[in-house]
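**Student:** Fold the stuff below for me.
(one chain, ligands or ions: 1)
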Amino acid sequence: MKRVLFIINQKSGTDRRKQLGRVIARELDGTRFSSEIVFTGYRGHAVTLAREGVQAGVDIIAAVGGDGSVNEVAQGMEGSDALLAVIPKGSGNGLARTLGIPRDTGRAIRLINRQHTRWIDAGTANGHLFLSNAGVGFDALIARLFARNTGRGLLNYTKLVLHSLGKYQHKHYHLEADGHLLHEKAFFVAVANGTQFGYDFKIAPGALPDDGWLDLCVMHPLRMTNLPHVGLQALTGRLRNNAYIQQLRCRRVRITRDEPLEWMQVDGDALPVENGYVEIGLRPRALRVIVPSPRPPKGGITVKGEG
Ligand SMILES: Nc1ncnc2c1ncn2[C@@H]1O[C@H](COP(=O)(O)OP(=O)(O)OP(=O)(O)O)[C@@H](O)[C@H]1O
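**Tutor:** Just a heads-up that it's a prediction; the model follows:
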């Protein structure tokens, strides 16, 4: 019997109750898996809960929430043999979307029964682990404002973006990526392991979380009038080295400004930059994640009710 620990962040996303007991009992194969459920009580708590789960010998830890929750659970699991499951219950759910994990809770839980896994890389930003992306500029500002906001979900996120965009001052950055030097005025500078910020807004549509590379993304200064076009390109996966964005595949990036950097976002959560610059690195094959099985070839056999 394998043990599954569900760590639930009730503050993430718009479904605040997240009463998963019944759906777990219905969808998880009780002949092969036992389940335990714990709730986070404060920011950072999921790191401790995941660590305790690993020490107690659980086989699978399911992070129930958004990218911030998955990030905390991953921190607590690093270096262990436990598998990470993602039950997307956040706002943007960037990693779940990158990995093709269904947003339907029942379907996401059913993936655990199959245990099809994939090793994924992780990035580090000044030593902080990230699975989707980390960055500075407008994305870090929005992460700070979103953390203070009690409302979540796409509507609240869009309101913050529109409210902040008009008065945002673009900054100059000095970037060193695997020895290449760039000096750019930018809207944001992000380094991506996954494809997107969440909500299918793909800043690095070609990124693969298991290819041993990171994608440096420099978004050029934007005006309000550019937003619809950029938004459409991002949502349709066409934001690739064009007038709006520059992307560069790399493994190590140093981000500095003439003045010290103060804030960065790491998987959508704002963190202070204590040393004034951001040093990004890569940890290949950091974590094994439960993902959907590859689709069978056309004409192949499909098992009804699974997936
Ligand atoms: N009990 C809690 N009280 C307050 N904050 C919490 C609690 N549990 C977790 N958190 C914090 O909530 C933050 C936001 O969670 P999360 O990122 O999972 O959801 P989201 O922001 O709605 O979704 P996404 O990141 O996918 O857009 C996390 O960074 C986590 O530190």
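
**Student:** Now the terminal residues of stretch 50-60, how far apart.
**Tutor:** Terminal residues of stretch 50-60 are spaced 10 Å apart (CA to CA, to the nearest Å).

**Student:** which residues are in contact with it?
**Tutor:** Residues from elsewhere that reach stretch 50-60, judged by CB atoms under 8 Å, 6 or more residues apart in numbering: 2-5, 7, 33, 36, 61, 63, 72-77, 80, 82-85, 112, 115, 290. (Glycine included, C-beta is placed from N, CA and C.)

**Student:** in that stretch, what's buried?
**Tutor:** For stretch 50-60, burial by neighbour count (16 or more other CB atoms under 10 Å) applies to 50-51, 53-54, 58-60.

**Student:** cool, stretch 78-90 as well?
**Tutor:** So, applying 16+ other CB under 10 Å, buried residues of stretch 78-90: 80, 82-90.

**Student:** surely residue 137 meets residue 188?
**Tutor:** Yes. Proximity of residue 137 to residue 188 meets the contact threshold set by CB atoms under 8 Å, at 3.4 Å.

**Student:** where do the contact lists of the two overlap?
**Tutor:** residue 219.

**Student:** Run through the bridge partners of the nearest residue to residue 4 once chain neighbours are set aside.
**Tutor:** In space, and not counting its chain neighbours, residue 4 is closest to residue 60: 4.5 Å by CB to CB, 6 or more residues apart in numbering. Beta-bridge partners for residue 60, by DSSP bridges, are residue 4, residue 83.

**Student:** And the one 4 residues further on, by the same measure?
**Tutor:** On the basis of DSSP bridges, residue 64 is bridged to residue 8, residue 87.

**Student:** What of residue 287?
**Tutor:** Legend: beta-bridge partners of residue 287 under DSSP bridges are residue 120.

**Student:** which residues sit in contact with it?
**Tutor:** Contacts of residue 287 (CB under 8 Å, 6+ apart): 74, 77-78, 84, 119-120, 122, 131.

**Student:** Any chance of a markdown table for the residues you listed, columns distance to the ligand and pLDDT?
**Tutor:** Shown next, in a markdown table, are the contacts of residue 287 (distance: CB to the nearest ligand atom, whole Å; pLDDT from 0 to 100):
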| residue | distance to the ligand | pLDDT |
| --- | --- | --- |
| 74 | 12 | 98 |
| 77 | 16 | 97 |
| 78 | 17 | 92 |
| 84 | 14 | 98 |
| 119 | 22 | 97 |
| 120 | 16 | 97 |
| 122 | 16 | 98 |
| 131 | 11 | 98 |
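
**Student:** Give the PyMOL command for selecting the buried subset of the residues you listed.
**Tutor:** Burial among those is assessed by 16+ other CB under 10 Å; the matching PyMOL selection reads:
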select buried, resi 74+77+84+120+122+131
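
**Student:** ok, of the contacts of residue 287, which one's closest to residue 105?
**Tutor:** residue 84 (16.6 Å; CB to CB).

**Student:** Make sure that closest one is actually in contact with residue 289.
**Tutor:** Yes. The pair residue 84 and residue 289 qualifies as a contact (CB under 8 Å) at a distance of 4.8 Å.
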